[in-house]
Every structure is written in C-alpha cells, then in structure tokens.
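>>> Can you look at this prediction? I've put the sequence above it.
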Amino acid sequence: QVNSFIASVYNWMAIGLALTGGIALLVTSNEYLLRIIVGNKMIFFGLMFAELGLVFYLSARVQKLSAFTATSLFLLYAAMNGATLSLLFLIYTKASITSTFFICAGTFTACSIFGMVTKKDLTSMGGFMMMGLIGIIIATIVNIFMRSEMMHMIISYIGVLVFVGLTAYDTQKLKHMAISQPAGIDAGVVRKGAILGALTLYLDFINMFIFLLRIFGDRD
C-alpha cells in the first residue's frame, strides 16, 4: 500500500513535468502561440495569476473535489505552467536548459531518497525552509526595484538550498502520509492524496530547476 501510493505520486509528478515540457516546446516552436502568450503581457501575467489561484484552490479544496476533477486541475496547471515557462526557451540556450534539467533531476532524486530513508524527523527543517522561502519571495520583490545582479545570484543559490530541503521534507511527509493511511481506504481518496503529493513535489522540482537555471544557464 505504501509503495503503490508513493509510486502513484511520482508517476503523476512525472506526467505533470512531461506535460509542462511538452507545452513549453510547443509554444516556443509556434510563432503564433508565442506571440499570443509571451508577446502579450496581459495574457502572460493573467496565466501566472491563474496558475497561482489553481495551486491555492487545489491545495485547499482537494478533499472536497472528485478524484477526476483534482487530477484534471493538476494537469491543467501543469499545461498552463508549460505555456508561461516557454519564456525560458527565449532567454536560455536549449543545451543549457537540457543540462540543467539533468542536474536538477539528479539533485531532486538524491533529496527524495534521503527524505524517504532518513530516520531523522525533518519537520523542524521544513519549517525553517518555509521561512527561507518567504524570505526569497520578499527579496525577489525588493530586487525587482533594485535590479542587482549580485542579489539575483544570491537569491538563486539560497533558492536551490531551500528547495533541496523542502524536497527531502515533503518526501518524508508523503511517506508518513502513506504509512498512516487506513486499510481499505477509498480509491478516490488515495488518488486525491497522490495528486496533492504530486503537486507538492512538482512545485519543488520546477522551482529548483528555475533557480539552478539562473546559476548554470547560458543566455541566448
């Protein structure tokens, strides 16, 4: 039961990442879509706010939704995120995006394994990392006005460390969730738990990737 739940979480996360990558490539290879999504600030920022709303809605309401609706909203979010992340293909070279993806995948896997096998309770670390995330958000907003390249790089390095910690913490939390599931639990409830877990790890992966890309990415 534990293994099947964890496998389901990672399968849905992988589907979400594949959908995001596929949509990003589709948008960057189609000049018409690129002009509509990236070339129009109202649509671009509208998509970003819609994504944010979807994450909060899905996280808060997942237990009240059907398993089908929860899954559909997760996939919709992954697709919308792919549309906005297509901007990265205009900023960075495809070679550096590919190499950074593999660096991120390796780092993420190592952190997940650590979170799965460690006997140490990572709850306090998770709280510390969430404080770090709030600090990053504030610093990023401040740097929009300061436009400091040094601050940009410092935020990127701290961001990688924060999401390394959050990946380990979230993985451990999912393992505990799987262990605490009662026998004979409804399949729909299990699916919704897996979707919420997949969304959490998906966000960890994407954010870690973006911060790593800021550090290692070669600009076009």
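Sure, I can see it. These numbers were taken from a predicted model, which means no experiment stands behind them. Numbers count the residues shown, from 1 in each chain.
>>> Number of residues surrounding Ser148?
Neighbouring residues of Ser148 were enumerated by other CB atoms under 10 Å; the total is 12. C-beta here means a position set from N, CA and C on the backbone, and glycine is covered the same way.
>>> do you know how far it is from Leu88?
Ser148 is 21 Å from Leu88, where distance means CB to CB, to the nearest Å.
>>> try Asp121
Asp121 sits 36 Å away from Leu88, going by CB to CB.
>>> Give me the more crowded residue out of the two.
Comparing Asp121 with Leu88 by neighbour count (other CB under 10 Å), the higher total belongs to Leu88, at 18 against 11.
>>> Okay, buried residues for the helix or strand that one falls within please.
Leu88 belongs to helix 87-91 when assigned by DSSP states H and E. Neighbour counts using 16 or more other CB atoms under 10 Å place Leu87, Leu88, Phe89 of helix 87-91 among the buried residues.
>>> How about exporting that helix as PDB, limited to the C-alpha atoms?
This file holds the C-alpha atoms of helix 87-91, laid out as PDB (Å, rounded to 0.1, in the frame of the first residue of the first chain):
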ATOM      1  CA  LEU A  87       9.700  32.200 -21.800                       C
ATOM      2  CA  LEU A  88      12.800  30.300 -20.500                       C
ATOM      3  CA  PHE A  89      13.500  29.000 -24.000                       C
ATOM      4  CA  LEU A  90      13.700  32.500 -25.300                       C
ATOM      5  CA  ILE A  91      16.200  33.500 -22.500                       C
END
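>>> quick check, nearest of the buried residues of helix 87-91 to Val9?
Relative to Val9, the closest of the buried residues of helix 87-91 is Leu88; by CB to CB it sits at 25.4 Å.
>>> residue contacts, that closest one?
Leu88 makes contacts with Ala24, Ile97, Ile210, Leu213, as judged by CB atoms under 8 Å, 6 or more residues apart in numbering.
>>> re earlier: moving C-terminal from the helix holding Leu88, which element do we reach first?
Past helix 87-91, the next helix or strand by DSSP H and E is helix 94-117.
>>> neighbouring contacts of that following helix?
Where contact means CB under 8 Å, 6+ apart, the residues beyond helix 94-117 that reach it are 6, 88-89, 122, 164-165, 167-172, 175, 201, 204-205, 208-209, 212-213, 216-218.
>>> How far away from the center of its chain is that helix?
Distance of helix 94-117 from the chain centroid (CA atoms, centre = their mean, to the nearest Å) equals 12 Å.
>>> Please identify the buried residues of it?
So, applying 16+ other CB under 10 Å, buried residues of helix 94-117: 96-97, 99-101, 103-104, 107-108, 111-112, 114-115.
>>> Same question for stretch 209-219.
Neighbour-count burial for stretch 209-219, counted by 16+ other CB under 10 Å, picks out Phe209, Ile210, Phe211, Leu212, Leu213, Arg214, Gly217.
>>> So which of those are in helices?
Using DSSP state H, the members of the buried residues of stretch 209-219 that fall in helices are Phe209, Ile210, Phe211, Leu212, Leu213, Arg214.
>>> any chance of the residues you listed in TSV, plus distance to Ile141?
TSV is the format used below for these (distance: CB to CB, whole Å):
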residue	distance to Ile141
Phe209	21
Ile210	16
Phe211	16
Leu212	21
Leu213	20
Arg214	16
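>>> still on that earlier bit, got the buried residues of helix 87-91 as TSV, with distance to Phe56 columns?
TSV is the format used below for these (distance: CB to CB, whole Å):
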residue	distance to Phe56
Leu87	22
Leu88	23
Phe89	27
